[in-house]
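Chemist: Fold the following, please.
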Amino acid sequence: MLSYLAATLPPDASAEGRLLALQCALRSNTSGQVHLPAGLLRGMRLARTLAPWDELENARWLRRLPHPTEQTGHRTAAAQLLDATVLTQEPARHDRHQAADWALRAVSQPRLRALPASDRLTSLVLTAHRSPGSCRTSMEADHLTRTCGLDQNILTATLDRLVTVNAVGAWTFEPATEDVSWDPPHKTSSCSAK
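Modeler: Got it, this is the predicted structure:
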């Protein structure tokens with residue numbers, strides 16, 4: 001889903017917009033409607049501003065729907081996704097909901113809470129692309145910056161901040177291949193021992 005969003009969102013889409021789009025795409029129903037509770041938006045640190053919603057609406061990626069608060073008494077944000085392609089993406093809806101919950105937990109970790117949205121999104125992308133059973137994972141730098149919506153010049157500072165909070169153990173840039181390689185956080189003892 002992260003790769004799909006990298007291809008369909010405008011290159012200048014903010015990290016907040018990308019995080020919101022991810023939750024909308026993963027939590028949408030079969031007709032493309034999504035209802036996000038206020039608590040979920042607070043957990044993502046997106047409840048205080050409408051800017052990500054405006055951004056996605058201006059990009060013609062979604063259309064906000066009226067709040068159903070009067071009928072239900074619950075605060076939710078509702079939208080209609082305008083790209084029908086998202087509805088045909090694998091995995092199935094139940095699996096997408098599990099992925100949405102995982103992504104929410106991944107960006108809401110205590111060590112990431114104080115970081116900007118771009119750092120939280122980068123941490124999510126690195127975690128999602130981590131090779132299972134491997135201590136070191138690599139990804140083409142261009143693909144990483146496009147998926148995270150980062151400028152190449154900002155990538156170094158972002159990765160350094162992720163190392164500082166131990167969201168990433170260490171990282172390197174390989175000039176010959178133009179790949180970024182990273183290690184999981186230091187708590188992973190099997191990788192630390194190698």
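Chemist: what residue ranges in the chain score low on pLDDT?
Modeler: Applying pLDDT under 70 to the chain flags the ranges 47, 67-74, 84-91, 187-194.
Chemist: Where do the strands of it begin and end?
Modeler: Along the chain, the segments classed as strands by DSSP state E run 33-37, 62-65, 76-81, 137-140, 171-174, 179-182.
Chemist: Distance from the chain centre to the last one, please.
Modeler: When distances are taken as C-alpha atoms, centre = their mean, to the nearest Å, strand 179-182 is centred 19 Å away from the chain's centroid.
Chemist: do the second one as well
Modeler: Here the centre of mass of C-alpha atoms in strand 62-65, compared against the chain's by C-alpha atoms, centre = their mean, lies 20 Å away.
Chemist: Can you list the strands that that strand pairs with?
Modeler: Neighbouring strands of strand 62-65 in its sheet, by DSSP bridges, are strand 76-81 (antiparallel).
Chemist: Check the first one too.
Modeler: Strand 33-37 has the following sheet partners, assigned by DSSP bridges: strand 76-81 (antiparallel).
Chemist: Alpha carbons of the strand it pairs with, as PDB, please.
Modeler: Output in PDB follows, covering the C-alpha atoms of strand 76-81 (Å, rounded to 0.1, in the frame of the first residue of the first chain):
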ATOM      1  CA  THR A  76     -15.600  10.700  13.300                       C
ATOM      2  CA  ALA A  77     -14.100  12.000  10.100                       C
ATOM      3  CA  ALA A  78     -15.700  10.600   7.000                       C
ATOM      4  CA  ALA A  79     -14.400  10.600   3.400                       C
ATOM      5  CA  GLN A  80     -15.000   9.000   0.000                       C
ATOM      6  CA  LEU A  81     -11.900   7.800  -1.800                       C
END
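Chemist: Determine which of the strands of the chain approaches Gln23 most closely.
Modeler: Nearest to Gln23 among the strands of the chain is strand 33-37 (6.4 Å), distances taken as C-beta to C-beta. To be clear about C-beta, it is placed using only N, CA and C from the backbone, and glycine gets the same treatment.
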